[in-house]
Structures are given as C-alpha cells and as structure tokens.
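>>> with the sequence up front, the predicted model follows.
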Amino acid sequence: MLVKGFSLVELVMILVIVGVLAVVAIPRFTGGTPYDARGYHDELIAAARYAQLQATTTGCQARFQVDPAGYSLDHENPCGSGDFGGLPIRHPSRGGAFENSTPSGVSVSVSGDGSVVFDGLGEPQTNTPPQVTVTGGGFNRSFCIQPGTGYAGDC
C-alpha cells in the first residue's frame with residue numbers, strides 16, 4: 001500500500017532548513033539599520049540635488065541645510081532678498097515641507113555649517129561646501145557638493 005505524504009526525516013529536514021533561513025533572514029528585515037543608513041544617505045543626496053533643481057528652475061536661490069538631527073530645503077523669500085525664512089520647498093510627492101529627521105540608529109556628521117545655497121545657475125555660493133557622512137549598522141559613506149558645479153555625489 002502506497003502512503004502519500006512526508007516521512008519523518010523529510011519533515012525534520014524541512015524544519016531545519018526553515019530554521020536556518022529564519023536565523024539568517026529575520027535580522028536583515030527587522031534590524032534595518034544598514035538599510036536605513038543607506039536609504040538616508042541616498043535621500044540626502046536627492047534632497048541636495050532637488051534644491052539645486054529648484055534654484056535653476058525658479059531663478060531664485062534655494063538652500064539645502066543638513067545637521068545631525070535632519071535636513072530641510074528652503075527658497076529665498078522674496079526672490080533676490082537672500083532671506084530664507086518662512087518659505088520651505090514643498091516635497092513633490094508627499095506635499096508639505098521638503099524635510100526629514102535622521103532615523104534612529106543612523107548618525108550624520110557634517111563638516112562646516114551644513115548649509116549650501118544654490119544660485120539661479122545651480123552653483124553653490126560657497127567655496128567649501130560641506131562633506132556629509134552617514135553611518136549606521138556597518139554602513140559608512142560620505143558625499144560632497146562640488147564647488148563649481150553643485151553636483152552632489154560621493155566624495
């Protein structure tokens with residue numbers, strides 16, 4: 001008589017394989033710190049590039065500010081005044097101010113004052129833009145904003 005199903009040995013082997021996969025995979029999905037750090041690093045670069053884009057499309061200066069607590073993007077208000085109070089750049093997809101705070105478990109260090117103002121041509125109005133370093137969970141990477149072009153990318 002032929003019995004259909006799993007033998008005890010097959011069932012134990014499947015449980016062992018699933019257990020090993022769970023031990024390896026679950027910390028990657030629940031811990032998240034290296035992923036959070038990488039994601040935040042990429043988010044900061046995208047924010048700096050968006051501030052530069054806003055400056056070139058509007059012709060008004062735009063400011064990218066970053067510090068260990070988070071980042072924000074602002075327009076000068078009114079255009080040509082050099083005053084950045086009260087007019088945040090709106091986020092294109094989620095609305096509201098284009099800003100975010102640093103995720104827990106991620107640290108950010110910034111050389112200089114952490115503020116870059118882009119003019120209407122997209123050039124940073126400083127000779128020494130900050131270097132931003134993001135670390136967390138074994139991830140450690142820096143990016144810079146190039147003085148002549150305003151390009152934000154790895155140093």
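Ah, there it is.
>>> how would you label the closest residue to residue 107 other than its chain neighbours: helix, strand or coil?
In space, and not counting its chain neighbours, residue 107 is closest to residue 135: 5.2 Å by C-beta to C-beta, 6 or more residues apart in numbering. Any C-beta I mention is one placed from the backbone N, CA and C, and that applies to glycine too. Judged by DSSP: H, G, I helix; E, B strand; the rest coil, the three-state class of residue 135 is strand.
>>> give the bridge partners for residue 135, please.
Beta bridges link residue 135 to residue 107, residue 140 when assigned by DSSP bridges.
>>> what number of residues are in the vicinity of it?
18 (other C-beta atoms under 10 Å).
>>> you'd agree it is up against residue 103?
No: the criterion here is C-beta atoms under 8 Å, and residue 135 misses it with residue 103 at 11.9 Å.
>>> what residues do the two have in common as contacts?
residue 37 (C-beta atoms under 8 Å, 6 or more residues apart in numbering).
>>> coming back round to it: Provide a list of residues in contact with the residue nearest to residue 107.
Contacts of residue 135 (C-beta under 8 Å, 6+ apart): 37, 106-109.
>>> average pLDDT across stretch 94-112?
Taken as a whole, stretch 94-112 has a mean pLDDT of 93.
>>> now swap in stretch 127-135 and tell me
Averaged across stretch 127-135, pLDDT comes to 91.
>>> which residues in this protein form helices?
Applying DSSP state H to the chain gives helices spanning 8-30, 33-58.
>>> what about the last one, distance to the chain center?
Between the mean C-alpha location of helix 33-58 and the chain-wide mean there is a distance of 6 Å, by C-alpha atoms, centre = their mean, to the nearest Å.
>>> out of the helices of the chain, deepest packed?
helix 33-58 (a mean of 19; mean count of other C-beta atoms under 10 Å).
>>> of all the helices of the chain, which one comes closest to residue 69?
helix 33-58 (12.2 Å; C-beta to C-beta).
>>> output the contacting helices and strands for the closest one.
Counting by 3 or more C-beta pairs under 8 Å, 6 or more residues apart in numbering; DSSP states H and E, the packing neighbours recorded for helix 33-58 are strand 62-67, strand 70-75, strand 115-118, strand 131-136, strand 139-145, strand 152-154.
>>> report the angle between it and helix 8-30.
Angle of helix 33-58 versus helix 8-30, following axes from the mean of the first three to the mean of the last three C-alpha atoms, to 10 degrees, is 40 degrees.
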